[in-house]
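Student: task: produce atomic coordinates for the following.
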Amino acid sequence: MKAFITGGAGFIGSNLADKLITLGHKVIIYDNFTTGQHEFIKHNLSNPGYEVIEDDVLNRTALSAGMDGCDMVFHFQANADVRGGINNTTIDVEQNIIGTHNVLEAMKVHNIKKIAFASSATVYGEPAIIPTPEDIPLIQTSIYGASKVAAESLIQAYCEYFSMQSWIFRFVSFTGPRYTHGVIYDFIKKLRDDPGELKILGNGKQKKSYLHVEDGVNAIMHAIEKSHDKINIFNLGNTEYMNVVDLANIVCDKLDLHNVNYSFTGGSRGWVGDTPFVHLDTGRIRNLGWKPRYSIREAILDTLKFLMDNEHILRIRD
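Tutor: Next comes the predicted model:
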C-alpha cells in the first residue's frame, strides 16, 4: 500500500515509517518539523518509495495534494505537550481537532477509506477502574485529552458518513529510540545541570505503564492486520507499571550518579491535568496475539542509551 503519515518525522511516526518501509510499503511523510527531526528520516531519503512533504495539517491545500493516490492514512501529528494546554488553550484545538478534521476532509476528497489514529490514555482522565478498559466513560481533566476525544469522535462520525474504517490507538507514554520529550528526557537534562539534585514534579508516586516504541508500532500493525470492524479501538501499554521515583533511580544509576537528593513539588499530580496512575487494560490487543517484548526497565534503559549516544537531542528544547 501507499501510506500517508502525518507527524511522520516525529518520535513515533518515524519509527512507524521504518516499519512500513521494512514491510515493503510506500510511505509519504507529512510533517511541519516543529518537533519532528530531519535526522530521524534521512536514512530513508534514497528509497524511491519514500517521500517527504514539509508542511502543516492546518494547510488544507498542501495536505490534500500530498494525500492524492494514497491507500491509508496514519494520523500521528499532534501537539505533543500535554502540559502546554494550561498556558496556550488554543494549540490543542488547532493541532489536534482542526488538524484531524482537515485530514478527514482530504481523505474524503481522495476517497481514502482507512485511517489509523494516535489517540492517548489522557482521554480517560482519572479513571475509576485500573487497569482501564476501552469501554468506560471518558471524563476529561486536560484540554489535550479533550482534544483527543473530539478527534476520535470526528473519525467515528466520518466512518459512519463516508464508509471509512478506523483504528484508534490510546497510548500510554512511549519510550525508546528517537524519544525527544517526557520524564526521562527531563530527568537527564536536570541531572546534567545539577548532578547532586533532582527536582521531581508531584510526590514521585505517580505510576505509568511505559511502552517501548517498537512494541507500540508492532501492536499498531498487528491490530490493523487482525481487526476488521468499522471502528477498532485499542489500548496500548505495558502489562506492568513503574512509579516516578523508581524511574529516577534507574536514570541516576545509568548516569553513574550516587546520593542524588530528590526534591518534590508536592501533591499527587505533576501538574494540573496530570493523571497519578495510568495503567491500561490491554486485553483487547493481547487477545489478538500481541504482547510487549520489552519490560519497562528494559525500555527505559534503551531510551537512556539512545539519549546518551545522541546528546545533541537533549538540546532540542533548550
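Student: low-confidence ranges in the protein?
Tutor: 317-318 (pLDDT under 70).
Student: strands of that one, residue ranges please.
Tutor: Counting by DSSP state E, the chain has strands at residues 2-6, 26-31, 50-54, 72-75, 114-120, 165-171, 174-175, 197-200, 207-208, 211-212, 231-236, 242-243, 261-264, 277-278.
Student: helices or strands next to the second one in the packing?
Tutor: Under the contact criterion of 3 or more C-beta pairs under 8 Å, 6 or more residues apart in numbering; DSSP states H and E, strand 26-31 touches strand 2-6, helix 11-22, strand 50-54, helix 60-67. Where C-beta positions appear, they are placed from N, C-alpha and C, glycine not excepted.
Student: between those, which gets nearest to Glu225?
Tutor: The closest approach between Glu225 and any of the helices and strands packed on strand 26-31, judged by C-beta to C-beta, belongs to helix 11-22 at 12.2 Å.
Student: could you say what helices and strands the closest one packs with?
Tutor: Helix 11-22 makes packing contacts with strand 2-6, strand 26-31, helix 213-226 when contacts are defined by 3+ C-beta pairs under 8 Å, 6+ apart.
Student: just the CA trace of the shortest one, in CSV.
Tutor: Looking back up the chat, that one is strand 2-6. Taking Å, rounded to 0.1, in the frame of the first residue of the first chain, the C-alpha atoms of strand 2-6 are listed here in CSV:
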residue,chain,number,x,y,z
LYS,A,2,0.9,3.7,-0.2
ALA,A,3,0.7,5.1,3.3
PHE,A,4,0.5,8.8,4.3
ILE,A,5,1.8,9.6,7.8
THR,A,6,1.1,12.9,9.4
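Student: got the contact list for it?
Tutor: Where contact means C-beta atoms under 8 Å, 6 or more residues apart in numbering, the residues beyond strand 2-6 that reach it are 13, 16-17, 20, 25-31, 57, 66-67, 69-77, 99, 103, 112.
Student: direction included, what does that strand pair up with?
Tutor: Neighbouring strands of strand 2-6 in its sheet, by DSSP bridges, are strand 26-31 (parallel), strand 72-75 (parallel).
Student: quick one: the longest one to helix 60-67, angle?
Tutor: What it means is strand 26-31. Relative orientation of strand 26-31 with respect to helix 60-67: 160 degrees, computed using axes from the mean of the first three to the mean of the last three C-alpha atoms, to 10 degrees.
Student: how far off centre is strand 26-31?
Tutor: Remark: strand 26-31 is offset 17 Å from the chain centroid, using C-alpha atoms, centre = their mean, to the nearest Å.
Student: and if you look at the shortest one?
Tutor: Between the mean C-alpha point of strand 72-75 and the mean C-alpha point of its chain there is a distance of 14 Å (C-alpha atoms, centre = their mean).
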